[in-house]
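1. Mind folding the following:
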Amino acid sequence: MEFVVILIILTILVALAGLIRNKIKNEPLTRLIIIKTFLLSFLVISVGIGSIWAFIGHAFMPVQVAESIGWATGSPFQTEVAFANLAIGILGVLCYFFRDNFWVATVIVSSVFLLGAAYVHVINIINYSNHSAGNAGIIFFMDIIGPVILVVLLILYKIYERKQMD
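-> The predicted model follows:
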């Protein structure tokens with residue numbers, strides 16, 4: 001769980017470092033540049049590295065991860081979740097190299113997966129009183145907050161990108 005907090009802090013620090021680098025190079029810090037820098041940082045680090053980390057947990061430490069979520073151990077669905085996380089992680093990392101609608105697709109797939117996970121957490125809380133840290137803790141809140149941040153940044157990025165083109 002602590003890794004999630006570290007990942008968010010790292011995401012913000014990398015974005016700020018990128019903006020400082022731009023400032024040192026006397027490049028303009030427009031709203032578009034600021035939003036783009038934060039969106040890219042969230043895509044590559046939070047979505048990319050974060051999802052690859054989730055893959056590693058589900059694939060190579062499935063018992064520990066299942067227990068932290070309050071799931072039964074030994075389910076093949078956990079392997080499926082691992083590979084879904086790997087796919088999303090690869091998309092996130094590739095956002096560094098690909099832009100435009102690739103970012104849109106990555107935000108959509110990541111957000112649908114995370115909000116779906118949040119839904120499953122809520123069902124587990126309501127139906128099974130599953131208040132395990134991996135089900136009702138920071139992971140649950142980040143499954144909601146993460147997509148909100150991504151969607152808001154993406155919308156703002158598209159708005160300011162369109163304004164710059166006009």
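2. in the lowest-mean-pLDDT helix or strand in the chain, what's buried?
-> Scoring the helices and strands of the chain by mean pLDDT, DSSP states H and E places helix 133-136 at the bottom, with a mean of 91. Residues 134-136 are the ones in helix 133-136 that count as buried (16 or more other C-beta atoms under 10 Å). Bear in mind the C-beta positions are built from the backbone N, C-alpha and C, glycine included.
3. other SSEs contacting the helix or strand just after it?
-> Toward the C-terminus, helix 133-136 is succeeded by helix 138-165 as the next helix or strand (DSSP states H and E). If contacts are counted by 3 or more C-beta pairs under 8 Å, 6 or more residues apart in numbering; DSSP states H and E, helix 138-165 sits against helix 2-24, helix 31-41, helix 101-128.
4. Could you check how far stretch 146-159 is from the centre of its chain?
-> 12 Å (C-alpha atoms, centre = their mean, to the nearest Å).
5. Run through who's touching that stretch.
-> The set of residues external to stretch 146-159 that reach it, using C-beta atoms under 8 Å, 6 or more residues apart in numbering, is 31-32, 35-36, 38-39, 42-43, 46-47, 103-104, 107, 110-111, 114-115.
6. low-scoring stretches of this protein, by residue?
-> Across the chain, the ranges flagged by pLDDT under 70 are 1.
7. Could you pull up the residues touching the residue nearest the centre of the chain?
-> Note on the chain: the residue nearest the mean C-alpha position is residue 47, at 3.2 Å, using C-alpha atoms, centre = their mean. Residue 47 makes contacts with 88-89, 91-92, 95, 106, 110, 146, 150, as judged by C-beta under 8 Å, 6+ apart.
8. are any of those buried, and which?
-> 88-89, 91-92, 95, 106, 110, 146, 150.
9. quick one: which of the residues you listed is nearest residue 11?
-> When the buried ones among the contacts of residue 47 are ranked by distance to residue 11 (C-beta to C-beta), residue 146 comes first, at 10.1 Å.
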